[in-house]
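Novice: Have a look; sequence and predicted model below, questions after that.
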Amino acid sequence: MSSVESAKKLAAYRAVDENFPPAAKVVGIGSGSTVIYVAERIGQLDNKSDFVCIPTGFQSQQLIIDNGLRLGTIEQFPHIDIAFDGADEVAPNLDCIKGGGACLFQEKLVAAAADKFIVVADYRKKSEVLGRQWTQGIPIEIVPNAYAKVINDLKKLGAKKVDLRSGGKAKAGPVITDNHNFLLDADFGDVKDAKKLHDEIKALVGVVETGLFTDLAQKAYFGEENGEVSTWTK
Ligand SMILES: O=C[C@H](O)[C@H](O)[C@H](O)COP(=O)(O)O
């Protein structure tokens, strides 16, 4: 296993071991490559028939099923005890950039419904200022036919570059999210006030949600290159 992969696993296992409430009834499962290990660890619990897991997208749903966990929906269980998720970049105040894997809307829905939101990541995600490590831009989910207007709006707000995320070799044309929307990646450089920028972007007609997660995470676990785990707490 590479050092990055083992860092992800260490962070995920430690986060579950230290935070999973014994009496949990509803648990949010995020998306991405780090959360794979969260689902794996939760799947090793003896009491896994005692709680349901709420996914944040298609991949997350598969993780829940593949690890023998009970699947529920956010419509059935709008109050979540604890949610675990990865991040593309994390600032010391626990503001995050998320959505590198196109799952940001359902991730934010689950995080906002959770009493406790725990971030798991490897050492590359720590950042003094958002926008410095994750340089491809802030992921923004938009209604498809609004893309040209929202690109213009984002440039007026100060974005240096805005890309409509493409499917690359896997799909000609834009990435389609689990909610059948498009994604923009907007490069604002250093993000000094994530809440303010989120509010400005969210106010644009056509924007569904932004990948700026502010005031949501209570603790972040980082797997380090040397095999240790460090934490940041709000
Ligand atoms: O859309 C994807 C999510 O926000 C992921 O949680 C994020 O991209 C981090 O993923 P990974 O754990 O693979 O770095």
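Specialist: Looks like it arrived, so ask away.
Novice: who are the neighbours in contact with A114?
Specialist: Counting by CB atoms under 8 Å, 6 or more residues apart in numbering, A114 makes contact with G28, I80, D81, I82, A83. Every C-beta, even on glycine, is put in place using the N, C-alpha and C of the backbone.
Novice: Kindly apply the preceding question to K98 instead.
Specialist: By CB under 8 Å, 6+ apart, the neighbours of K98 are D85, G86, A87, D88, L104, E107, K108, P139, G211, F213.
Novice: ok, and the most crowded of those residues?
Specialist: Counting neighbours by other CB atoms under 10 Å, E107 comes out on top of the contacts of K98 with 32 neighbours.
Novice: That one sits in which helix or strand?
Specialist: Element membership of E107 [criterion: DSSP states H and E] is helix 104-113.
Novice: Just give me the neighbour total for the closest residue to A194 other than its chain neighbours.
Specialist: Spatial nearest neighbour of A194, excluding adjacent residues (CB to CB, 6 or more residues apart in numbering): D95 at 4.3 Å. Counted with other CB under 10 Å, residues neighbouring D95 total 24.
Novice: how much space is there between D95 and the ligand?
Specialist: Relative to the ligand, D95 is positioned 14 Å away (CB to the nearest ligand atom, to the nearest Å).
Novice: Which pLDDT does the model give that residue?
Specialist: Note for D95: predicted pLDDT of 98.
Novice: so what's it up against?
Specialist: Contacts of D95 (CB under 8 Å, 6+ apart): L130, A194, K195, L212, F213, T214, D215.
Novice: can you list these in TSV and add distance to V229?
Specialist: Formatted as TSV, those follow (distance: CB to CB, whole Å):
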residue	distance to V229
L130	22
A194	25
K195	28
L212	25
F213	21
T214	24
D215	24
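Novice: Show me those that map onto helices.
Specialist: Among the contacts of D95, the residues falling in helices (DSSP state H) are A194, K195.
Novice: before we move on, the earlier item: touching the ligand at all, the helix holding E107?
Specialist: Yes - Helix 104-113 reaches the ligand (CB under 6 Å from any ligand atom) through L104, E107.
Novice: and the contacts of A114 as a markdown table, adding pLDDT, neighbour count and distance to D187?
Specialist: Shown next, in a markdown table, are those (pLDDT from 0 to 100; neighbours: other CB atoms under 10 Å; distance: CB to CB, whole Å):
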| residue | pLDDT | neighbour count | distance to D187 |
| --- | --- | --- | --- |
| G28 | 98 | 28 | 29 |
| I80 | 98 | 25 | 32 |
| D81 | 98 | 17 | 36 |
| I82 | 98 | 20 | 33 |
| A83 | 99 | 28 | 28 |
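Novice: neighbouring contacts of the host helix or strand of V162?
Specialist: V162 is part of strand 161-164 when elements are defined by DSSP H and E. Outside strand 161-164, the residues that touch it by CB under 8 Å, 6+ apart are 136-137, 147, 151, 154-155, 174, 182-187.
Novice: Just the closest of the contacts of A114 to L63, please.
Specialist: G28 (11.9 Å; CB to CB).
Novice: partners of the nearest residue to that closest one once chain neighbours are set aside in the sheet?
Specialist: Nearest non-adjacent residue to G28, counting by CB to CB, 6+ apart: A83, 2.8 Å away. Beta-bridge pairing for A83 (DSSP bridges): G28, F117.
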